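1. I would like to see how this sequence folds:
(one chain, ligands or ions: 2)
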Amino acid sequence: MLDVGCAPLTSVPALAHQRCLNHEFREAVARCPECRQFFCRECITEHEDRVICAACLKRLARPAARRRFHWTGVLIFGECLAGVLTVWLFFYIAGRSLLAIPDSFHEGTVWKSKFIDEP
Ligand SMILES: [Zn+2]
Ligand SMILES: [Zn+2]
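-> Ligands and ions are numbered 1, 2, ... in the order given. Sure thing, here's the model as predicted:
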């Protein structure tokens, strides 16, 4: 009658109380979003900003490798485009920063005039 308040504490399992699927005695640190299993630090790996288990990583890596065969040309083209864009951006910024510098700076009159024109 009075112990109703204690029920939710035991019915909701916290991550800290979970054990790794592969290591019975190790505390789980993360849950794989693919297979919904709990894993320890050693069994979980980061993949494309997600933490997934080694088994799921293998499963996900295989179709990706097969797909890469078809998209190799597109990937190379994309990489070339990214490279060209990077180089263009570099020269664009360099050009802009050079334009931002006043012409008098290149002639060396900015700092020369200060000393020469002094009375
Ligand atoms: Zn998994
Ligand atoms: Zn483990």
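
2. and the chain, which of its residues are near ligand 2?
-> With C-beta under 5 Å from the ion as the criterion, the chain comes near ligand 2 at residues 20, 22-23, 40, 43. (Each C-beta comes from the backbone N, C-alpha and C, glycine too.)

3. From those residues, list just the buried residues.
-> Those of those that meet the buried threshold are 20, 40, 43, by 16 or more other C-beta atoms under 10 Å.

4. Just put those in CSV and tack on secondary structure.
-> Output for these, formatted as CSV (DSSP: H, G, I helix; E, B strand; the rest coil):
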residue, secondary structure
C20, coil
C40, coil
C43, coil
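
5. Now tabulate those in JSON lines and tack on distance to D103 and pLDDT.
-> Putting these into JSON lines (distance: C-beta to C-beta, whole Å; pLDDT from 0 to 100) gives the following:
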{"residue": "C20", "distance to D103": "67", "pLDDT": "94"}
{"residue": "C40", "distance to D103": "64", "pLDDT": "94"}
{"residue": "C43", "distance to D103": "63", "pLDDT": "94"}
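
6. Out of these, the closest to L60 would be?
-> Set against L60, the nearest of these by C-beta to C-beta is C43 (15.3 Å).

7. From R19, how far out is the closest one?
-> 11 Å (C-beta to C-beta, to the nearest Å).

8. pLDDT score assigned to I76?
-> The confidence metric pLDDT takes the value 86 at I76.

9. which element is it on?
-> helix 54-100 (DSSP states H and E).
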